[in-house]
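Sequence first, then the predicted structure, then my questions.
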Amino acid sequence: MKLKTVLMGAAGAMALSVGTTSAQDPVSLTIVSWGGAYTTSQVRAYHDPYMAENPHVTIINDDGSANALAGLRAQSQAGNVTWDLVDMLPSDAQLACDEGLILEIDHDEMLAAAPDGTSASEDFLPGSLGECFIPQIVYSTVLTYRPGAFSDDAQPSSIADLFDVENFPGRRALQDRPGTNLEWALYADGVDPDDIYEVLSTPEGVDRAFAKLDTIKEHIVFWTEGAQAPQLLADGEVVMATGYNGRMFDAIEVEGMDADIIWDGQVVEWDGWVVPAGGSNIEAVMDYLYWATDTQRLADQAKYISYGPARASSAPLVGEHADLGIDMNQHMPTNPDNYFSPIILDNDFWTDYGDELRERFANWMLQ
Amino acid sequence: MAQADARALANGAEPAPTDRAGRLQTADGVPLKTALRRAERRRKIAAFLLVAPLLFFILTFFVFPIAQMMWRSVDNPQVVRALPQTLEALQDWDGSDVPGEPVFAALHADMMADLERPRVAQAIGPLGIRLNYELSAARSAISRTARQVPNFEAPYRDAFMDSHRLWGDPALWRIIKREGRPLTSAYYVAALDREFDDQGNIVRRDENRRIYVQLFIRTILMSVAITFLTFMLGFPISYYLSILPMRYANLLMICVLLPFWTSLLVRTSAWIVLLQQQGVINTMLVQIGLISDDGRLSMIYNMTGTIIAMTHILLPFMVLPLYSVMRNIPPSYVRAAKSLGATPWTAFRRIYFPQTLPGIGAGGVLVFIISIGYYITPALVGGQSGRMISNEIARHMQQSLNWGLAAALGTMLLIGVLVLYWVYNRLVGADSLKLG
């Protein structure tokens, strides 16, 4: 990945030195993302084609998204902003936006309209746009299990089964943060997906969620990094694991892991771009963004990873996986067959109550 | 020059020149005292210039960042910057009920003034983030209201209270007043699992929100355990290395150092492969029938895993100082003790062991101080019970972006280590440390 980036950079630089007659000055953009299969999907869907069309642009990949907030603040305070475009989660984007670390976005002004003329702010899925945030994909956190760990006539099928250690014995891998886990605890306890955050903003609701988590506490293995969840499943350490649907897709379809995804109660969230304030290539970044977030490009990314495009107009264009040739539609979190009981992650709730609930969760883990 | 004169003086080759007052002089008529002082000064400047690059390096990349980090743990500019008029209006508020209209008018004026500023210089965003550390949902109270403020009309009190319930909560106002100072103790209060109550007294937090004190204690206990284990494992091997002929000792030393040269992540992952429930060790134990298939041991993703992996990683830091000290203990002492009638155990206990203490001290201090701030291994194999305080510091640095709290925790850790070192120095004496 890194080597490829360097090689591409070198190739780009050579192309530049040859084509000096080009009217545009060479520009190099540092684009920060999550690394791994996700960055690869962006390189193949966005970066490579864009650089082919615009030989004066070189794109450098930086796998810093996991710590993007700290990086943005440090660069801003040092007065030396070296990142041009950053891929991050909307809750982090809101925090960075409040601090003035990233630029405000006028979506209709800066982004392409859909092919049928629908404006960008209408075309992007409802609720996905943020003051400073341009959504790219819809991903979800799902429960995945090993069919071999259970008898054929009693396979788990819902979030309630995650909390049912009697009928589905074995260890479960959960992420070591309150987000998703508390939502699922309430959902399994019978709360309607639409009411979860209302319940969770009361002290009684929080107690109820932790009480539900208590019932499986001794069966939990916690994971921190996204790659750990499929690994724990593949190693046979756990019988079920929560994880990002794209990683699980990769492990199941590409690596051949024997596991199935349960779409019930999938926790849906966006992921997308933000533009750091104070960067030196704002104009070039905006040109790239206009192109890389149009209808066709967002649909293209779904050829490489099973995350859904954030534009309504991209959905019909989603086709087959570029290497495997399988139909990607059935693996999209937004496919109606999978989207029957989604929980939409409420970022406003988590920016407000996150600190308090993380403390409570850390305390709960310590006990 | 002055040195040559001094030497000539000492040799008594010729009578030394003096001035009228009888003070010694150099050949060119400068009083000897001055000349010596000048030479001394020149020597000092030369010495300083030699160490200046290192000193500069340490100041810039070590002392300055640490000082800056410590500063962050008390720095509190957000409220003062965002709400100067409100704070002024709050001065004679008694803190019992929601403040009156003048305070809300000042708040309105502050927010309007802030909206005039360019986006990157606005103070309202950071204010919301800062207040949310103290009171959940304060961020959305601030940011949601800030969006509506241009449409507000007097009387402002009702307009604000309609826009978000928290404006009608005296708790929010008490926090604004309390944190309306350029310095704060709030991060340290939070780092000690305490909070301010309604009267402004510091009280312990709800039981289910206490984490840091417990984590500090656990971090120290785990570090002590790791230090003790590295000592138990490192002492015999160091002793064996020290009595081997040099060429074999060097060969074995490479085996001790080999893990040192392997990537930390590779070593940690290797432990995962070995220790997990479906891992090498458990499978072997099941196969030889020591444990049943259902009774596989949990040796990783808990405290045991962290202690095993960290003991392995830190072992060289114990072996190296021990080995270098033991190498220099003359074997004749123990032989002399034995010839005087000491049993092997007594000879070891009374003669050999005390001589290794400087090495044990050095190794122990090294291992303890490194493990107390260890971060990556606990994060990977610690699960829920094997986490350390450094994992919380890293989370606040990178994810929650609460650098003030991270700085307070880091400063407390730093002070804790310094105190422990001071105790060590009082008990054993730092000058007895021998690193090689």
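Here it is on my side, so go on. Residues are numbered from 1 along each chain as shown, chains lettered A, B, ... in the order given.

from here on, contacts and neighbour counts on C-alpha atoms
Will do.

ok, A:Asn347 touching A:Ala93?
No. A:Asn347 is not in contact with A:Ala93 according to CA atoms under 8 Å; the separation is 10.1 Å.

and the two? which has more neighbours close in?
Here A:Asn347 and A:Ala93 are compared on neighbour count by other CA atoms under 10 Å in any protein chain shown; more neighbours surround A:Ala93, at 27 against 18.

Need the pLDDT of that one.
Looking at A:Ala93, its pLDDT stands at 93.

Torsion angles phi and psi at it?
Main-chain dihedrals, A:Ala93, degrees, to the nearest 10: phi -60, psi -40.

Spatially nearest residue to it (excluding sequence neighbours)?
Nearest residue to A:Ala93 in three dimensions, chain neighbours excluded: A:Phe133, at 6.4 Å (CA to CA, 6 or more residues apart in numbering or on different chains).

how far away is the residue of the stretch 151-300 of chain B found nearest chain A from B:Gln399?
Per CA to the nearest CA, B:Arg209 is where the stretch 151-300 of chain B lies closest to chain A, at 4.7 Å. Using CA to CA, to the nearest Å, B:Arg209 is found at 19 Å from B:Gln399.

who has more neighbours, these two?
Between B:Arg209 and B:Gln399, B:Arg209 has the larger neighbour count (other CA under 10 Å), namely 19 against 16.

Check the secondary structure at whichever residue of the stretch 251-367 of chain A sits closest to chain B for me.
Across the stretch 251-367 of chain A, no residue is closer to chain B than A:Asp352, which sits at 4.3 Å (CA to the nearest CA). Following DSSP: H, G, I helix; E, B strand; the rest coil, the label given to A:Asp352 is helix.

what's the neighbour count on it?
Using other CA under 10 Å, A:Asp352 is surrounded by 22 other residues.

And B:Ile393, by the same measure?
Here the count is done by other CA under 10 Å, and B:Ile393 has 22 residues near it.

Surely B:Gln406 is in a strand?
Quick fix: residue B:406 is Ala, not Gln. No. Assigned with three-state DSSP, B:Ala406 falls outside any strand and is helix.

host element of the nearest residue to it once chain neighbours are set aside?
Among residues not flanking B:Ala406 along the chain, B:Ile393 sits closest, at 4.9 Å (CA to CA, 6+ apart). According to DSSP states H and E, B:Ile393 maps onto helix B:389-398.

Give me the residues contacting that helix.
A:67-70, B:212, B:215-216, B:219, B:372-375, B:378-379, B:401-403, B:405-407, B:409-410 (CA atoms under 8 Å, 6 or more residues apart in numbering or on different chains).

Apply the buried test to these and list what passes.
A:67-70, B:212, B:215-216, B:219, B:372-375, B:378-379, B:401-403, B:405-407, B:409-410 (16 or more other CA atoms under 10 Å in any protein chain shown).

tally of neighbours for residue 310?
By default, I'm working from chain A. 28.

switch to chain B, that's the one I care about
Under the criterion other CA under 10 Å, the count of neighbours that B:Met310 has is 25.

How is the chain partitioned into domains?
By default, I'm working from chain A. What automatic domain parsing lists as the domains of chain A is A:2-138+A:270-331, A:139-269+A:339-366.

um, chain B though
If you go by automatic domain parsing, chain B breaks into B:2-71, B:78-184, B:212-432.

Test for you: state the pLDDT assigned to B:Gln3.
52.

My error: substitute A:Ala37 in the last question.
For A:Ala37, the pLDDT comes out at 83.

swap in the one 4 residues further on?
The per-residue pLDDT reported for A:Ser41 equals 92.

where does chain B come near chain A, residue by residue?
B:119-126, B:129, B:132-133, B:136-140, B:208-211, B:276-278, B:301, B:379-380, B:383-385, B:397-401 (CA under 8 Å from any CA of the partner chain).

which among these end up buried?
So, by 16+ other CA under 10 Å, the buried ones in these are B:119-120, B:122-126, B:129, B:132-133, B:136-140, B:209-211, B:276-278, B:301, B:379-380, B:383-385, B:397-401.

Not counting residues beside it along the chain, what's closest to residue 352?
No chain in the question, so chain A it is. The shortest distance from A:Asp352 to any non-neighbouring residue, by CA to CA, 6+ apart, is to B:Ala137 (4.3 Å).

oops, chain B please
Counting by CA to CA, 6+ apart, the residue nearest B:Tyr352 is B:Val334, at 6.5 Å.

Regarding the one you found, what is its secondary structure?
The local conformation at B:Val334, judged by three-state DSSP, is helix.

Give the helix, strand or coil label for B:Ala105.
The local conformation at B:Ala105, judged by three-state DSSP, is helix.

for it, what are its contacts?
B:Ala154, B:Pro155, B:Tyr156, B:Arg157.

so the last one is in which element?
Per DSSP H and E: B:Arg157 is located in helix B:156-163.

Packing partners of the next helix or strand after that helix?
The C-terminal neighbour of helix B:156-163 among helices and strands, as given by DSSP H and E, is helix B:170-178. If contacts are counted by 3 or more CA pairs under 8 Å, 6 or more residues apart in numbering or on different chains; DSSP states H and E, helix B:170-178 sits against helix B:124-134.

same thing but at 10 Å, please
Under the contact definition 3 or more CA pairs under 10 Å, 6 or more residues apart in numbering or on different chains; DSSP states H and E, helix B:170-178 sits against helix B:78-82, helix B:84-89, helix B:124-134, strand B:194-196.
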